[in-house]
Every structure is written in structure tokens, then in C-alpha cells.
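Student: Sequence plus the predicted model coming up.
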There are 2 protein chains.
Amino acid sequence: MTDKRTELSDLGEFALIEHLTQDFQTRHPETLLGIGDDAAVIAIGNELCQVVTTDLLSEGVHFDLTYMPLKHLGYKAVAINVSDICAMNAIPKQITVALAVSNRFSVEALEELYAGMKAACADYNVDLIGGDTTSSQSGLVISITALGTAPKDQICYRSGAKEYDLLVVSGDLGGAYMGLQVLEREKDVFKANPNIQPDLDGHDYILQRQLKPQARLDVVKILKELGVKPTSMIDISDGLASEILHICKASKVGCHLYDEKMPIDAKTSMVAIDFNLDPSMCALNGGEDYELLFTIDQKDVALIQSNPNFSIIGHITNLAEGTYYIDKSGSAITLRAQGWKHFD
Amino acid sequence: MTDKRTELSDLGEFALIEHLTQDFQTRHPETLLGIGDDAAVIAIGNELCQVVTTDLLSEGVHFDLTYMPLKHLGYKAVAINVSDICAMNAIPKQITVALAVSNRFSVEALEELYAGMKAACADYNVDLIGGDTTSSQSGLVISITALGTAPKDQICYRSGAKEYDLLVVSGDLGGAYMGLQVLEREKDVFKANPNIQPDLDGHDYILQRQLKPQARLDVVKILKELGVKPTSMIDISDGLASEILHICKASKVGCHLYDEKMPIDAKTSMVAIDFNLDPSMCALNGGEDYELLFTIDQKDVALIQSNPNFSIIGHITNLAEGTYYIDKSGSAITLRAQGWKHFD
């Protein structure tokens, strides 16, 4: 080991993984794609592929058990992995779960966690096929690997967007982030005075977005019914801006994203304004919405435009034109990712 | 959640996983086996299966960075997952790696960890296909999922042992445990007086067994060349006794294990005696040897008997006869597992 010390925060999560794995080669011809997308892709037989994704949730970093019920946490841990499978335009099939858990947790607490995972397995039609449960020195760590399948020609990579494609997003954005803000505020109030009950009234929608996010498996099915194969796709875990930039980088293209086109629920906007936040910034950088962001060929516009599940929010340009966010006044601002930075 | 609180240690690792996952059903016909073996089994096509296993290593529980170099840890983390694939009589193909790491670690430290994983990927011909790296509040957690393949009719489950089969183990036992004892002793010496250099001379073999265990992929290949398909198989992570009992429970059989037949290296025995430990007890309960334990039909005896990689250590009886360990004096003692109990 050299004497040099580089802090993890100097690189950040994406650059760190890229740096650490850059000189790994793949050896098996059936490994079609390794690191660098929402999931890896393995050929199984001539026409079918398997997609594989792993996510790890760490207490105090990804979740706060002060306001996150264990059952919801179990559900969410499964849903966010299923979301990665959906982002490949694949159907989730199986998951494995590895837990590290301190003895502060009881068997009954883990039963709650598993009840949530079971509910998610039922909702997404997924089999729990493996588990490792060990103790940890502190806190709870949940690592889930999800497996899914898709015909080889139906898999959507981040790298397939091309000039003139349209940028599309499912559902609405920023809600999960505003839910988190409300929960954090009430936690602070509670800490200051434990006798005050949390005031969560009227925030059902955004709390649900934060505490029980849904993987958009329904979108994968709708796209199939519509006969639309996105040219690229990714799920929104780190915020719209970050995800668009992932697609642009992988596809070697630029983009125009229009503020006025971003789908933001009225409840999200109202709470954002209450918090003195710009709703657009919450949608752009909030993260954890687990909606699907994808690009479509112009020929599919009519099919997508008329579907209430989708919003067309911009278009793809060539690489030289850069990545721009067009604000309400029509000014073009360079798009930057300000998503989660867990190493800060 | 009920008010009742059951401690995790009341159940122990195996019973806990069984308890938590007991009412999960599998939904997909291609999920041939879920939880309960070294790996899950998924049918891919008509003749081939995929096996999937997940393991999680938690700092302070599974490893101690005082004496475990990060490069060795990376190697070991991959090897023990590959070992689970081998235990299904399958060929490892891919792994995903999820890390939770505190900011006490530098980029250079993680480079060492990944260098070890890369060496293991090369040794076992495995592709690293996915990774998630996030921060943790304390310490290092490594969760690896390994994927492998095997023809459906070649997969070895824990449940296939039958009366009159012979119990076979590869390599030798107890070395990894004695390596750990030496490392722990030198750590205590160092803690008492940091000026004393650790005395590890002459312990290369057992240290290697602890710090850089090998998955017995070579055994899977040798068995194939010999034309021997074990009737059941498991890898030895928790100690021979624990693993034999897993096979007996899954196969609904009993066994006779003979002390005098257990393969123990002379160096392991000598160190055990130095530590006032019975070498047989180290082999039985020590764990982490990552050898393969399997049962064979009597017709294959000649092929296995003559191979220096294998030791025939006992035989399978019917369930009613119970599980027995025959000590040096010829007394039959009920076999008990005293392997790792991380929740104690």
C-alpha cells in the first residue's frame, strides 16, 4: 500500500466505483455487461438474458429508524432493487437478502423487516431465494441482490439514447425528497421537545413516496403493451439531473431538459414552498422517486404523449451541444448533478 | 409489532433465517430451490441451471483488520462465495460486490481490497459484474453475491445423502482455526506490549488457511474428471460437525464420523497441542477451512479412495440410528455443532 491517503469524499460514489473496478476484465462470453448500468446482463441461452443488480442500505446513511418503520424499510429495500431491474426493461424474478444486524434488534424487529420484504415480494411477484443474516457491531445493513429476465433485444441500456430522441419520465418527481424533509423536521421538533406529537397531517402522499416507494414494474408492462422499446432507460434514485447526466454520458449525447415540463405533484410543490425550496430543484436533485427515466425514438411520440403515466420533459441533442436545463424564463443553464453524496 | 422481545442469540443464525423466511413461497417455476442450501438454484433453459449465493462479512464479527490485510480480505470474501458455488458442484461465473465503508478508510485502502478481489476473480475465473459502494457509520461491511452454472443433473444438494453412502472431505481440517488462534494470541501480545513484534514464524500454513482460504473449485473439476457425482455436498465454513449435521438434517439420515479418519495436517496438530487444544475438536468445530464435504455412493469408493485430495471419514446411516462421532477409543458420542455463533 502506498503512503498516500485519498479521502473517499474526494472521488464520490460513482467515480469511486469506476476507479476501483476499472481494470477488471470480464472472462465469460455470456457476461454481456458488467459494471456501469442499473444492472449487469448475462446471456442465458440464445434469446434470453438475465439482469443482476445489488444495492446496499446502511443505517444512518440510507435510512433513519427514528421515523422509518422496519416494515416499510423491508418493503423499500426490495422495491429499490426491483426498480433497477425495471430500469433494464426486464421482469424481476428473484432476490437474495443479506443482513448485518446488531443485537439491539430483536427477533420481533426482524420479523417486521421481513414482513415488509414479503409484501414487496408479493407486489412485484419476486421469489426470495437466499439469505445471509449475521451480526454487526453497530446498526443494520441490508444488501439485496435482484435477478430478472428479458429477451436480449428488449433490454434497455443507459447507452442507447441518440440525437432527437425524446426524454420521458414516469409519474411525478420530488415527492420522496419532500417527504424526507417533513420527516426530518418532525424529528427535530421531537428531539427538542419529546412531548410534541409529530405533525404529519395532510402529507400522506409525500410520506408514502419516501417511506414506501414503488418500483415502476407497471411501466415496463405498459411499454411492452404499447410496443415501445425505450432507446435508453435508468431509474431515478439519485435525482433527475444525475440520472439524465448518466444517460448522456453513457450515450455520448447532450440534452435539453425543460423546467416547465417536469411533472411535479401539487402536494409536493406546496410543501416545497412551505420549506422555502424551489419545487423544480427538489424534482431535479431530490432523488429516491424511483420513477423511470427513458428516451424514445420520435416515431413513438404519439404512443407516449397520450399516456397519463408519462411526461415528455426534453430531448436529446448531440454531444457537442452540451447538457442543458431550460428554466422557466427560457434561459439555458448547464445541467449539474447534486444528488446524494454519501461520502461527504 | 408485539411487545415481546426475543433476542437474536436465543435462536442463532440458522434457526433465525429459517424462522424469518419460513412463510415465503416461491412463485416462479424456474426457481428450483430457494433458501436452505449453499446456494439457490434457478433453471435457465431445459438443461442448465444457475446457482446463486450471498454472503455478508462484517468488520469485528467476521474479520479483524488488526491482522487481516485488506488485500487478503478481498480475496477471502470472493473465495468464500465461490466456495458456496462449488458446494453445489457448479462452476462460478460472476460476482457482485456491495460495500459499506466508513470514512476511516481511504481510496488507497479500498484499492488494496479490490486488488485482492481481482486476484481471486483471476484465480477462480470469475467476472465482477456489479458493485455498490456506500458509506457506513462504522466499519466495513462486504456483501458478495456469486453466480455459477451447472447442468441440472449435476447439481449437488445437501439433501441427497442416503444410507450406506460414504462421507468424504477434501484437503485437511482445523488449520484455519489454528491460524486464527495464533493471530489472536499475537494480537494480545501486541496489545500488552506494542514493542514486541508478532511471532508468526513457522506458521505459514495455518496462517494461509485463515488469511487466504482457497475455494475448492479444483475438487469440482476433479470429481467431474473422475465421473463421480456426490449424492450430497456442502462447504465447510462453520466446522465439520455443523456441516455434517446440515447434510443429515436435509437428507433425513444419520451418520457415523470416525475421529481417526479426519484429515488433520501435522502443523495444525502441533499448534493445537501448543494451545492445549484437542486437534480433533479444532477439525470438528473450528470452521473456515472451506473444504468440501460430500457423500458418495458406495460404487464410487475406489475412485475416491485412491485420490490424495480426499479422505473418507465416515458413512451415512438411517435416520433412526442418529448422528455419531466415534472417538479414538471407539466410543460413539452424539455429534453436536459448536461452530460460529455470531449472535452470542
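Tutor: Nice, I can see it.

Student: quick one: the helices in chain A?
Tutor: For chain A, the helices defined by DSSP state H occupy A:8-11, A:13-21, A:70-86, A:107-124, A:175-192, A:204-211, A:217-226, A:240-251, A:266-274, A:279-285, A:301-305.

Student: of all those helices, which lies closest to B:Tyr157?
Tutor: The closest of the helices of chain A to B:Tyr157 is helix A:107-124. By Cβ to Cβ, the value is 23.1 Å. Glycine gets a C-beta too; all of them are placed from N, C-alpha and C.

Student: So for the closest one, what gets flagged as buried?
Tutor: A:107, A:109-121, A:124 (16 or more other Cβ atoms under 10 Å in any protein chain shown).

Student: Same check on stretch A:296-312?
Tutor: Buried residues in stretch A:296-312, counting neighbours by 16+ other Cβ under 10 Å, are found at A:Ile296, A:Asp297, A:Asp300, A:Leu303, A:Ile304, A:Asn307, A:Asn309, A:Phe310, A:Ser311, A:Ile312.

Student: need the residues you listed in a markdown table with pLDDT, can you?
Tutor: Conversion of these to a markdown table gives the following (pLDDT from 0 to 100):
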| residue | pLDDT |
| --- | --- |
| A:Ile296 | 98 |
| A:Asp297 | 98 |
| A:Asp300 | 97 |
| A:Leu303 | 94 |
| A:Ile304 | 96 |
| A:Asn307 | 94 |
| A:Asn309 | 96 |
| A:Phe310 | 98 |
| A:Ser311 | 98 |
| A:Ile312 | 98 |
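
Student: Let me know the closest of these to chain B.
Tutor: Checking the buried residues of stretch A:296-312 against chain B with Cβ to the nearest Cβ, the nearest one is A:Asn309 at 25.1 Å.

Student: now the nearest residue to the closest one once chain neighbours are set aside: how far from chain B?
Tutor: Sequence neighbours aside, A:Ser170 is the residue nearest to A:Asn309 in space, at 5.5 Å (criterion: Cβ to Cβ, 6 or more residues apart in numbering or on different chains). According to Cβ to the nearest Cβ, to the nearest Å, A:Ser170 and chain B sit 23 Å apart.

Student: returning to what we had before: out of the helices of chain A, which one sits most buried?
Tutor: Among those, helix A:70-86 has the highest mean neighbour count (mean count of other Cβ atoms under 10 Å in any protein chain shown), at a mean of 26.

Student: which strands and helices sit next to it?
Tutor: Packing contacts for helix A:70-86, counted by 3 or more Cβ pairs under 8 Å, 6 or more residues apart in numbering or on different chains; DSSP states H and E, involve strand A:48-58, strand A:91-101, helix A:107-124, strand A:140-151, helix A:217-226, strand A:232-235.

Student: Would you mind telling me which of those is nearest B:Gly36?
Tutor: When those are compared (using Cβ to Cβ), the closest one is strand A:91-101, at 12.7 Å.

Student: Any residue of the closest one touching chain B?
Tutor: Yes - using Cβ under 8 Å from any Cβ of the partner chain, strand A:91-101 reaches chain B at A:Lys93, A:Gln94, A:Thr96, A:Val97, A:Ala98, A:Leu99, A:Ala100, A:Val101.

Student: Going by neighbour count, which of those residues comes out on top?
Tutor: A:Ala100 (32 neighbours; other Cβ atoms under 10 Å in any protein chain shown).

Student: which non-adjacent residue is nearest it?
Tutor: Per Cβ to Cβ, 6+ apart, closest to A:Ala100 is A:Ser136, 3.7 Å.

Student: surely the one you found meets A:Phe105?
Tutor: No - between A:Ser136 and A:Phe105 there is no contact under Cβ atoms under 8 Å: 9.5 Å.

Student: hmm, back to that, can you redo the residues of strand A:91-101 next to chain B as CSV, where the extra columns are distance to A:Asp23 and pLDDT?
Tutor: Compiled in CSV, the residues of strand A:91-101 next to chain B are given as follows (distance: Cβ to Cβ, whole Å; pLDDT from 0 to 100):
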residue, distance to A:Asp23, pLDDT
A:Lys93, 32, 97
A:Gln94, 30, 97
A:Thr96, 27, 96
A:Val97, 31, 96
A:Ala98, 26, 95
A:Leu99, 31, 94
A:Ala100, 29, 93
A:Val101, 34, 93
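
Student: Identify the farthest-apart pair in the buried residues of stretch A:296-312.
Tutor: Farthest pair in the buried residues of stretch A:296-312, by Cβ to Cβ: A:Asp297 and A:Asn309, 18.2 Å.
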